[in-house]
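Asks: here are the coordinates; sequence isn't available:
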């Protein structure tokens with residue numbers, strides 16, 4: 001007799017492959033956003049590091065920039081992972097394939113008639 005165990009909450013969500021895909025790629029997007037934010041401040045693009053350091057409340061601009069980068073780059077990573085689900089080399093679902101064209105047949109020109117504009 002098999003004993004069934006019930007899992008609740010986050011453990012049960014991670015059993016779902018789509019949620020797991022979104023969570024892992026969302027975390028990767030957050031890491032990439034943090035790296036981009038650090039690169040922006042390290043390279044002082046547009047004198048941004050000096051502006052933030054001289055602000056009265058430097059936390060607010062950093063949080064606003066981080067929020068925008070997390071939303072943008074997290075969405076890019078999640079979206080690209082979802083769009084790659086159909087690729088065969090990724091182990092996802094079946095990819096959409098166009099029907100094979102007979103390569104032995106030659107192309108034939110098609111005559112198209114148009115009306116003249118007067």
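Replies: That came through fine. Keep in mind it's a predicted model, so treat the numbers as computed, not measured.
Asks: any idea how far residue 109 is from residue 115?
Replies: Using Cβ to Cβ, to the nearest Å, we find residue 115 at a distance of 20 Å from residue 109. Where you see a C-beta, it was placed from the backbone N, CA and C, and this is true even at glycine.
Asks: Where does pLDDT dip in this protein?
Replies: 1-11, 87-98, 101 (pLDDT under 70).
Asks: can you give me the helices in the chain?
Replies: 10-13, 17-43, 48-53, 59-83 (DSSP state H).
Asks: Residue 104: which of those helices is closest?
Replies: helix 59-83 (34.1 Å; Cβ to Cβ).
Asks: Against which helices or strands is the closest one packed?
Replies: helix 17-43, helix 48-53 (3 or more Cβ pairs under 8 Å, 6 or more residues apart in numbering; DSSP states H and E).
Asks: which residues touch it?
Replies: 21-22, 25-26, 28-30, 32-34, 36-37, 40, 51-52, 55 (Cβ atoms under 8 Å, 6 or more residues apart in numbering).
Asks: at 10 Å instead, please
Replies: By Cβ atoms under 10 Å, 6 or more residues apart in numbering, the surrounding residues in contact with helix 59-83 are 18, 21-37, 40-41, 48, 51-52, 55, 57, 90, 92.
Asks: With that, I have no additional questions.
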